[in-house]
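[1] heads up, no residue letters with this:
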DNA sequence: TTGACATGTTATCAGTCGATTACTACAGTT
DNA sequence: AACTGTAGTAATCGACTGATAACATGTCAA
């Protein structure tokens, strides 16, 4: 019959708590879209109370904006890390780096989701800025031609589509799913499948 | 001081009204995403009352599912119409056909949006089925190789991204927007720009 | 130790939304 | 003209959600 057992989240510095919430929010926003996600779901996923999430980030919209910016920061980071090496292999290394972002839950879906919200004044601005950063990185740091950059991003968007549709679950059963996955990941289909949830999994 | 002037929508056969609502719903869902759209907004856009939309379609989810299926029907239709002609020009004709779908409001964004909802049991099934129909059409009727089909769909998804982000508004001002639009629509940038809303337009 | 700030919660509200119910009016058939 | 099914609306409700207010507890410098 102890009396304490405060159901309060263990104390943490606000900066660390913010990062923890941002990671949880990325996963939830990625799984359920921006509008479809409640601040309460984010709070539960992060192990704190719903009002605290709102207090730390101001509004749900500001939270999502930070999630988007953090995601693009991270993406540029892994791309930059894939630059060193033979110039010919650069595209492949960066493609692999993108695919490996699948392990960071919600990151790719958040990108896809943000690109659908260009009509939202605040979110749209941030989403366009993120896209612009990626494009300029490809053109300037990675030294891609416009056509190479276009092809690279187009492939990324197709991968986002595959992820969003949960197509990996149909691999082997459905001709189209099998073929498109083989075409997108000639060497890594099995690995990708293990990283992705089935259609009915919560993720 | 006339007394009549019933604010009721003019009588119409239910089948016609359904089609009218589906068209309006495509525009609204496309502009504001599935979760972000209210049945009342759809009703206003179609000029009927909100309960009537619900009664005709059962639920908002069923309405959206019909919107998705109608969109894929239409897309297959314009692709099929682009088949006849020289085999070498087939890819270009179909690409043009896809771009021309921009005039049918919300259609491309609805596709993009549906691919993000693979985790929703009902919607996910329909979205995967639509993707599968497109892929099989490309492989069988259009006789694309897997690699050609992959490239075609990837480009389509990039176009959806450009549309969703409202990137056309930055053409000429922003290097990345200018370059990616030039790369995606080498011959039709101006035409595409006239078809698309600016970032702050309601569409 | 104490006080002051930082970290976190519970309680609650006001607005929104999908859906249901009950009702009205038009149109075609006999 | 009366009957009947179809097309449509107004009113309303319960559930949900983002945000606010008020309060509690831990931490750390002086």
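    Thanks, I have it. All values derive from a computational prediction rather than experimental measurement. Residues are numbered from 1 along each chain as shown, chains lettered A, B, ... in the order given.

[2] can you name the residues of chain A sitting close to DNA strand D?
    A:6, A:8, A:11, A:37-40, A:50-51, A:54-55, A:59-61 (C-beta under 7 Å from any atom of the strand). In short, each C-beta sits where N, CA and C put it, glycine included.

[3] low-confidence ranges, chain A, go.
    Across chain A, residues meeting the criterion (pLDDT under 70) sit at A:1-7, A:201-203.

[4] quick one: list the elements packing against the lengthiest helix in it.
    Criterion DSSP state H: the longest helix present in chain A is helix A:60-81. Contacts defined by 3 or more C-beta pairs under 8 Å, 6 or more residues apart in numbering or on different chains; DSSP states H and E place helix A:60-81 against helix A:14-32, helix A:39-46, helix A:50-57, helix A:90-100, helix A:107-115, helix A:121-136.

[5] for it, which positions count as buried?
    For helix A:60-81, a neighbour-count test (16 or more other C-beta atoms under 10 Å in any protein chain shown) marks A:60, A:63-72, A:75-76, A:78-79 as buried.

[6] and which of these is nearest to residue A:103?
    Nearest to residue A:103 among those is residue A:78, at 10.9 Å by C-beta to C-beta.

[7] what about stretch A:142-151 and chain B, any contact?
    Yes - legend: contact between stretch A:142-151 and chain B by C-beta under 8 Å from any C-beta of the partner chain is shown at A:146-147, A:149-151.

[8] switch the helices and strands packed on helix A:60-81 over to a markdown table; also include mean neighbour count and distance to chain B.
    Putting the helices and strands packed on helix A:60-81 into a markdown table (neighbours: other C-beta atoms under 10 Å in any protein chain shown; distance: least, C-beta to the nearest C-beta, whole Å) gives the following:
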| stretch | mean neighbour count | distance to chain B |
| --- | --- | --- |
| helix A:14-32 | 19 | 6 |
| helix A:39-46 | 19 | 13 |
| helix A:50-57 | 16 | 19 |
| helix A:90-100 | 17 | 12 |
| helix A:107-115 | 26 | 5 |
| helix A:121-136 | 19 | 4 |
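
[9] dump these to CSV, plus distance to residue B:30.
    Shown next, in CSV, are the helices and strands packed on helix A:60-81 (distance: least, C-beta to C-beta, whole Å):
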stretch, distance to residue B:30
helix A:14-32, 20
helix A:39-46, 26
helix A:50-57, 29
helix A:90-100, 27
helix A:107-115, 14
helix A:121-136, 15
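
[10] so which of these is nearest residue B:181?
    helix A:121-136 (11.0 Å).

[11] now do that closest one against helix A:60-81, angle only.
    Relative orientation of helix A:121-136 versus helix A:60-81 (axes from the mean of the first three to the mean of the last three C-alpha atoms, to 10 degrees): 0 degrees.

[12] roughly how far out does helix A:121-136 sit from the chain middle?
    Offset of helix A:121-136 from its chain centre (C-alpha atoms, centre = their mean, to the nearest Å): 15 Å.

[13] over to stretch A:40-56?
    Mean C-alpha position of stretch A:40-56 versus that of the full chain (C-alpha atoms, centre = their mean) differs by 20 Å.

[14] how about the longest helix of chain A and DNA strand C, any contact?
    No - interface with DNA strand C: helix A:60-81 contributes nothing (C-beta under 7 Å from any atom of the strand), its closest point being 13.2 Å away.

[15] state the distance from the residue nearest to the spatial centre of chain A to residue A:195.
    The centroid of chain A falls nearest to residue A:107 when counting by C-alpha atoms, centre = their mean (1.0 Å). For residue A:107, the distance to residue A:195 equals 12 Å [C-beta to C-beta, to the nearest Å].

[16] nearest to residue A:188, of the helices and strands packed on helix A:60-81?
    helix A:90-100 (6.5 Å).

[17] so which elements touch that closest one?
    helix A:60-81, helix A:146-165.

[18] can I get those in JSON lines including distance to residue B:137?
    Shown next, in JSON lines, are the helices and strands packed on helix A:90-100 (distance: least, C-beta to C-beta, whole Å):
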{"stretch": "helix A:60-81", "distance to residue B:137": "33"}
{"stretch": "helix A:146-165", "distance to residue B:137": "16"}
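
[19] does residue A:115 touch residue B:163 like I think?
    No - counting by C-beta atoms under 8 Å, residue A:115 sits too far from residue B:163 to count as a contact (9.1 Å).

[20] between these two, which contacts overlap?
    Taking C-beta atoms under 8 Å, 6 or more residues apart in numbering or on different chains as the contact rule, residue A:115 and residue B:163 both touch residue B:112.

[21] tally of neighbours for the residue nearest to residue A:30 when sequence neighbours are not counted?
    Nearest residue to residue A:30, sequence neighbours excluded (C-beta to C-beta, 6 or more residues apart in numbering or on different chains): residue A:106, at 2.4 Å. Using other C-beta atoms under 10 Å in any protein chain shown, residue A:106 has 21 neighbouring residues.
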